[in-house]
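J.: Quick one: sequence and predicted model below, then my questions.
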Amino acid sequence: MPWKNQGGGPWGSGPKGPWGSGPQSPGPRPPDLEDLLRRGQDRLQTMLPGGNFSGMGIALVLVAALAIWGLSGFFRVQSEELGVVLRFGKHVRTVQPGLNYHLPYPIETVLLPKALRVSTLSIGMRVVDDSRRGGGTTIRDVPEESLMLTGDENIVDVDFTVLWRIKPDGVGNFLFNIQNPEGTVKAVAESAMRDLIGRSTIQPILTGARTTIEAAVLELMQKTLDSYGSGILIQQVQMQKVDPPSQVIDSFRDVQAARADLERLQNEAQTYANRVVPDARGRAAQILQVAEGYREQVVAEAKGQSSRFLSVYEAYKKAPNVTRERIYLETMEKILGGADKLVLDQGANGSGVVPYLPLNEIGRRTPPAAPQQGGSTR
């Protein structure tokens, strides 16, 4: 038989096992509980005075166990932590960093949240560490968080960060009122930013209204989190990137450049107007002054002529013939005073022409004599 050398058992009882090896030794057996208790009792008897496990020994053991249990209540709170002490599951006090004590378990327990650490939450972007691939950190956009609709129905890409921490007097609320603190802060921050962006037009958002929006978002977030009883304090909201969507950013920059040119031209025109208008007003005032002077002169002359006419009229009423002759002579004097005159005399010979020496005419036509030069030769 093939099992001849294997002994009488089904796998043989001889020195060889079923695969030709020696007999398999049994695995380790679990320790006997009674044996362990007996050994512990023997060691305790050797430690006790006289080796007698009497009532005094039991009392000493209980005192030692009680002392160890009491010392287990000491704990250390790190610099970024606050200790929240619970008594039978109820929050009774909050302790500061350092060595502290609470009643041993199960009477009191302690929780150690990072209450003094400022946490940073990024919304609309994620910082990716590529140091394993030989690169630094890169920022990845998250469109489902960053794309928001403005009040004038435009789309803007907003990336921002929120700095938050636990309120010193709100640690209990932080631990027991909210289940996911970071998720709660993220949801409240995104909701507040969308609300403020939806009530603003795109132009102030992209230019000078960032500070106003950040302050409004912080105020709205804090108000919402306080209504939850979250125990969270929002320290700062920072808008990192505010741009139109990447698909239209080039066109938007062209529009921005055109608006900048428009503003520049308006400023130049205003500067020119500020310079020209005062000059024109000065010239207009000067013309008005000249016209006013001319008006006064003409009026004065007219009044003088009317007064002269009235005086002549009064004289005419008193002596008409004399006044008429005087007016005639004065008029002829004005007419003939600057004209060339020819005197005609009807003589006996009938020619009627008497030649005379026109002294006035000769005086006007004769050029002045040149001055005599000294030392002339004869």
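T.: Yep, that arrived. Residues are numbered from 1 along each chain as shown.
J.: all helices in this protein, in order from the N-terminus.
T.: Along the chain, counting by DSSP state H, helices occupy 33-47, 55-71, 143-146, 171-176, 181-198, 202-206, 210-228, 249-318, 320-336, 359-365.
J.: Dump those helices to JSON lines, plus mean pLDDT and distance to Gly89.
T.: For every residue, glycine as well, the C-beta is placed using N, CA and C. Putting these into JSON lines (pLDDT from 0 to 100; distance: least, C-beta to C-beta, whole Å) gives the following:
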{"stretch": "helix 33-47", "mean pLDDT": "62", "distance to Gly89": "34"}
{"stretch": "helix 55-71", "mean pLDDT": "74", "distance to Gly89": "19"}
{"stretch": "helix 143-146", "mean pLDDT": "85", "distance to Gly89": "37"}
{"stretch": "helix 171-176", "mean pLDDT": "82", "distance to Gly89": "10"}
{"stretch": "helix 181-198", "mean pLDDT": "92", "distance to Gly89": "20"}
{"stretch": "helix 202-206", "mean pLDDT": "83", "distance to Gly89": "48"}
{"stretch": "helix 210-228", "mean pLDDT": "92", "distance to Gly89": "22"}
{"stretch": "helix 249-318", "mean pLDDT": "88", "distance to Gly89": "55"}
{"stretch": "helix 320-336", "mean pLDDT": "85", "distance to Gly89": "129"}
{"stretch": "helix 359-365", "mean pLDDT": "62", "distance to Gly89": "134"}
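J.: between those, which gets nearest to His91?
T.: helix 171-176 (4.3 Å; C-beta to C-beta).
J.: How far off centre is the closest one?
T.: The chain centre lies 34 Å from the centre of helix 171-176; the measure is C-alpha atoms, centre = their mean, to the nearest Å.
J.: now what about it, what contacts it?
T.: Residues outside helix 171-176 that contact it (C-beta atoms under 8 Å, 6 or more residues apart in numbering): 82, 84, 91, 94, 111, 113, 115, 166-167, 181, 229-232.
J.: most surrounded residue in these?
T.: The most crowded member of these, judged by other C-beta atoms under 10 Å, is Ile232 (25 neighbours).
J.: Surely it is in contact with Leu163?
T.: No - assessed by C-beta atoms under 8 Å, Ile232 is found out of contact with Leu163, at 11.3 Å.
J.: hmm, back to that, how about the helices of the chain, which one is nearest Gly124?
T.: Nearest of these (C-beta to C-beta): helix 143-146, 3.2 Å.
J.: How about that closest one, which residues are buried there?
T.: 145-146 (16 or more other C-beta atoms under 10 Å).
J.: helices or strands next to it in the packing?
T.: strand 155-166 (3 or more C-beta pairs under 8 Å, 6 or more residues apart in numbering; DSSP states H and E).
J.: Measure how the strand it packs on sits relative to helix 249-318, angle-wise.
T.: Angle of strand 155-166 versus helix 249-318, following axes from the mean of the first three to the mean of the last three C-alpha atoms, to 10 degrees, is 110 degrees.
J.: Work out the sheet partners of strand 155-166 and label each with its direction, please.
T.: Using DSSP bridges, the strands paired with strand 155-166 are strand 119-123 (antiparallel), strand 147-149 (antiparallel), strand 232-243 (antiparallel).
J.: tell me the mean pLDDT for the second one?
T.: It stands for strand 147-149. In this model, strand 147-149 has a mean pLDDT of 89.
J.: Over to the last one?
T.: pLDDT averaged over strand 232-243 equals 89, rounded to a whole number.
J.: what does that strand contact?
T.: Strand 232-243 is contacted from outside by 118, 124-125, 156-167, 170, 174, 178, 181, 184-185, 189, 205-206, 210, 213-215, 217-218, 221-222, 225, 249, 252, using C-beta under 8 Å, 6+ apart.
J.: 6 Å instead, please
T.: Residues from elsewhere that reach strand 232-243 (C-beta atoms under 6 Å, 6 or more residues apart in numbering): 157-165, 167, 206, 210, 214, 217-218, 221-222, 225, 249.
J.: In that strand, which residues are buried?
T.: For strand 232-243, by 16+ other C-beta under 10 Å, it's 232-234, 237, 239, 242.
J.: again, but for stretch 65-81
T.: For stretch 65-81, by 16+ other C-beta under 10 Å, it's 73, 77, 81.
J.: Spatially, and excluding backbone neighbours, which residue is closest to the last one.
T.: Closest residue to Glu81 in three dimensions, ignoring its sequence neighbours and counting by C-beta to C-beta, 6 or more residues apart in numbering: Leu112, at 4.7 Å.
J.: picking up where we left off before, can you flag the buried ones in the contacts of strand 232-243?
T.: Neighbour counting by 16+ other C-beta under 10 Å classes 157-162, 164-165, 206, 214, 217-218, 221-222, 225 among the contacts of strand 232-243 as buried.
J.: of these, closest to Leu310?
T.: Using C-beta to C-beta, those come closest to Leu310 at Leu206, 81.5 Å.
J.: Let me see the contact set for that closest one.
T.: Residues near Leu206 by C-beta under 6 Å, 6+ apart: Val242.
J.: Now do it against Ser119, distance only.
T.: 29 Å (C-beta to C-beta, to the nearest Å).
J.: centre of the chain versus stretch 284-303, how much separation?
T.: Distance of stretch 284-303 from the chain centroid (C-alpha atoms, centre = their mean) equals 60 Å.
J.: can I see the domain layout of this structure?
T.: The record assigns the chain these domain ranges, following automatic domain parsing: 70-113, 119-245, 248-326.
J.: As CSV, the ones you listed with distance to Val63 would be great.
T.: Below are the domains of the chain laid out as CSV (distance: least, C-beta to C-beta, whole Å):
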stretch, distance to Val63
domain 70-113, 10
domain 119-245, 36
domain 248-326, 77
